[in-house]
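S.K.: Below are the sequence and a predicted model; questions follow.
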Amino acid sequence: MLSRQVAEALRKRETPYYFYDIDLLRQTLESVVSVARKYGFVIHYAIKANYDPHILEVIKEYGLGIDCASGGEMRCAIEAGFDPQGIVYAGVGKRDKEIRYAIEQGIFAINCESIQELGVVDAIAGELGKVQNIALRINPDIDPKTNKCIDTGQADSKFGISYEEVTEKLDFIRSLKHVKVSGIHLHIGSQIRELHVFEYLCAKVNSIVGHLTSLGLDFDFVDVGGGLGVNYDFPENEPVPNFASVFAIINSHLKVDGRPVHFEFGRAIVAQCGELITSVLFNKTTATGRKIVVVDASMTELIRPALYGSYHNIENITSQAKERERYTIVGTACESTDVFDEGITLPRTQRGDLLTIKSAGAYGMSMASRYNLHDLPGAVYSDEL
């Protein structure tokens, strides 16, 4: 819960905007970096989660690499001062100009997601007179026990190459002159809260690494993606995700013959440090008796509830009323799905109150739009109040 002093300071700003707790961001980075160092793990930040310049500046201080999903994200990372040799580039649909840019910048690896993509990367690298390091993104066919909208590792997913196709095409892969298979990459999904899923991932990786090695495919590193979830229900109970348990599972179960192990965390690093601050515009009651609170934010600032049915904890940070009522919180966009939550209990809420929509630091601002010609939300940082 934000302190009364911070809430009063936030009241002076024009809403809606994102508020970032930089101290919490630093605590999270300290946790992931210190535990990763214990095992020699390499951490990349998935920049798609949040590319706010101040957030990136803080992340850069902790020496993380960057995981990109587009040419725009690569350019953002490089212009923010991240070393290209710490950048990996994934994504099922890389444009030729994006591949060319990645090769020209000398990034660490392109994570290739189809056999045809391998051929395209090889051809473009040849045109540039270079040999590009790539990782084979292999689809491990594992159920990550998460929202089906962010499940990326089952057999019918659009992501990655099937293991069977990789083995069938090994001769073709070996024939390519301008790519070097420097690693393999597996990522099974996002917002994983059942940590035993990472044990299944290790077992599958061990099998794949062992078999590919027996077939004579030599590679230097293994990238197991990210996916660690956060506590959206009770964010105060778990402000920093459980990196220690995930890393202990990976260290105990993964057998990759001493190869460096890479991770790509986005949500786990930035979700809890960000909140969407919004003002109450109107109260209304429907013909069925449902009490609606209309706020000045909408799905244009935070689309996750409308897009995924995702839950975010909401609090009224300025009401001093002792009475509590049940409300549905809706936004301003002309869409019936523009609902942040239904049937939640808050202190009596009225026009002018400030609400905070919590755990919104990941996939909030980065997915914002200007639908209905809304302005994009601003940002306020705790270290600048």
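M.R.: Thanks, I have the structure now.

S.K.: the helices in the stretch 251-385 of the chain, which residues?
M.R.: 267-270, 304-308 (DSSP state H, counting those that start in this stretch).

S.K.: name the helices or strands packed onto the last one?
M.R.: Other elements packing on helix 304-308 under the criterion 3 or more Cβ pairs under 8 Å, 6 or more residues apart in numbering; DSSP states H and E are strand 339-347. (Glycine included, C-beta is placed from N, CA and C.)

S.K.: Over to the shortest one?
M.R.: Under the contact definition 3+ Cβ pairs under 8 Å, 6+ apart, helix 267-270 sits against helix 22-39.

S.K.: chain center to the helix it packs on, what's the gap?
M.R.: Distance of helix 22-39 from the chain centroid (Cα atoms, centre = their mean, to the nearest Å) equals 16 Å.

S.K.: next SSE after that helix?
M.R.: strand 42-46 (DSSP states H and E).

S.K.: thinking again about what came up before, can you tell which of the helices of the stretch 251-385 of the chain is closest to residue 278?
M.R.: helix 304-308 (12.9 Å; Cβ to Cβ).

S.K.: which one is residue 16 nearest to, not counting chain neighbours?
M.R.: Nearest non-adjacent residue to residue 16, counting by Cβ to Cβ, 6 or more residues apart in numbering: residue 297, 3.8 Å away.

S.K.: Settle this for me: the one you found is touching residue 15, isn't it.
M.R.: Yes - in this structure, residue 297 is within contact of residue 15 by Cβ atoms under 8 Å, at 7.2 Å.

S.K.: Spit out the residues that contact those two alike.
M.R.: By the contact definition Cβ atoms under 8 Å, 6 or more residues apart in numbering, residue 297 and residue 15 are jointly contacted by residue 278.

S.K.: Please say which of the two ends up with more neighbours.
M.R.: A direct count of neighbours by other Cβ atoms under 10 Å for residue 297 and residue 15 places residue 297 higher, at 28 against 20.

S.K.: Can you redo the helices of the stretch 251-385 of the chain as CSV, where the extra columns are mean pLDDT, mean neighbour count and distance to residue 375?
M.R.: Shown next, in CSV, are the helices of the stretch 251-385 of the chain (pLDDT from 0 to 100; neighbours: other Cβ atoms under 10 Å; distance: least, Cβ to Cβ, whole Å):
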stretch, mean pLDDT, mean neighbour count, distance to residue 375
helix 267-270, 97, 29, 22
helix 304-308, 94, 18, 19
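
S.K.: Could you export the ones you listed as CSV, including distance to residue 362?
M.R.: Output for the helices of the stretch 251-385 of the chain, formatted as CSV (distance: least, Cβ to Cβ, whole Å):
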stretch, distance to residue 362
helix 267-270, 4
helix 304-308, 9
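
S.K.: and of the ones you listed, who's closest to residue 256?
M.R.: Closest to residue 256 of those is helix 267-270 (Cβ to Cβ; 21.9 Å).

S.K.: Give me the contacts around the closest one.
M.R.: Residues outside helix 267-270 that contact it (Cβ under 8 Å, 6+ apart) are 25, 28-29, 32, 45-46, 49-50, 55, 59, 190-191, 226, 228-230, 241, 243, 361-363.

S.K.: Kindly list the longest strand within the protein.
M.R.: Longest strand in the chain by number of residues (criterion: DSSP state E): strand 274-285.

S.K.: Buried residues, it. List them.
M.R.: Within strand 274-285, the residues scored as buried using 16 or more other Cβ atoms under 10 Å are 274, 275, 276, 277, 278, 279, 280, 281, 283.

S.K.: ditto for stretch 285-302
M.R.: Neighbour counts over stretch 285-302 (16+ other Cβ under 10 Å) mark 293, 294, 295, 296, 297, 298, 299, 300, 301, 302 as buried.

S.K.: Report the mean per-residue pLDDT for it.
M.R.: In this model, stretch 285-302 carries a mean pLDDT of 97.

S.K.: re the thing from before, let me know the closest of the buried residues of stretch 285-302 to residue 212.
M.R.: Residue 212 has its nearest neighbour among the buried residues of stretch 285-302 in residue 302, at 41.4 Å by Cβ to Cβ.
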